[in-house]
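# Got a predicted model here, sequence first, then my questions.
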Amino acid sequence: MSYVVILLIVVAIILVVMAVGIYNSLVRQRNECKNSWSQIDVQLKRRHDLVPNLVETAKGYMKHERELLEGIAKARSNAVAAHTPKEAGAAEGILGNLLTRFMAVVENYPELKANQNMLALQEELTSTENKISFARQHYNDAVMHYNNRLEVVPSNIVAGMFGFEPMEFFEVETLEEREVVKVQF
């Protein structure tokens with residue numbers, strides 16, 4: 001009888017230790033997702049700060065592109081107001097599409113292309129877009145690993161007991177962003 005009690009106590013201790021380990025690893029993965037999202041947020045803020053300077057530099061040269069410039073300003077405002085990865089994905093997709101169109105239109109203005117401020121801003125924006133892309137990939141990888149842990153046994157049991165929720169991916173929402181860019185000379 002005492003062997004059975006000791007065995008049950010040992011099994012209970014092992015289960016508690018396993019549950020604590022699983023809980024701690026879920027917390028670490030959730031925090032990694034939050035940290036990854038913060039990295040995206042930093043780059044998006046950098047992008048949002050660059051956009052007004054880019055538009056302001058171009059305004060003097062691009063008299064006939066007022067609609068595009070206003071669209072960029074509105075898309076930037078919507079992107080700044082986004083709070084969740086889903087909202088940000090949709091808003092940033094629209095902003096990215098407009099910025100791509102903007103860069104294509106800039107090619108029609110030789111004086112603007114030669115402007116040192118514009119060249120510096122374009123380089124900074126390109127660098128920021130690359131950083132956003134890498135941060136987005138890291139975030140989505142972290143979310144995938146975390147969400148997988150929430151669905152597999154035995155961590156799904158612990159996750160359910162402690163209310164861990166799946167996280168959203170940062171996805172492309174606009175069809176235009178999914179299309180292949182066409183380059184014409």
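Cool, the structure landed.

# For Ala114, give its distance to Ala104.
Ala114 sits 17 Å away from Ala104 when distances are taken as Cβ to Cβ, to the nearest Å. C-beta: built from backbone N, CA, C; applies to glycine.

# Who has more neighbours out of these two?
When neighbours are counted by other Cβ atoms under 10 Å, Ala104 comes out ahead of the other of Ala114 and Ala104, with 13 against 9.

# where does the more buried one land on pLDDT?
Per-residue confidence at Ala104 stands at 88 (pLDDT).

# do the same with Val172
pLDDT, read off for Val172, is 70.

# I'd like to know how many residues surround it.
Val172: 16 surrounding residues under other Cβ under 10 Å.

# tell me the SS of it?
Look at Val172: counting by DSSP: H, G, I helix; E, B strand; the rest coil, its state is coil.

# And Leu54, by the same measure?
Reducing the assignment to helix, strand or coil with three-state DSSP, the entry for Leu54 is helix.

# which one is it nearest to, not counting chain neighbours?
Nearest non-adjacent residue to Leu54, counting by Cβ to Cβ, 6 or more residues apart in numbering: Leu121, 4.8 Å away.

# swap in Ile40?
Going by Cβ to Cβ, 6+ apart, Ile40 has Ala135 as its nearest residue, at 4.5 Å.

# Run the chain-centre distance for the helix or strand where that neighbour lies.
Assignment of secondary structure by DSSP states H and E places Ala135 within helix 116-151. When distances are taken as Cα atoms, centre = their mean, to the nearest Å, helix 116-151 is centred 6 Å away from the chain's centroid.

# list the buried ones in the host helix or strand of Ala90?
Assigned by DSSP H and E, Ala90 belongs to helix 85-106. Using 16 or more other Cβ atoms under 10 Å as the test for burial, helix 85-106 gives 85, 88-99, 102, 105-106.
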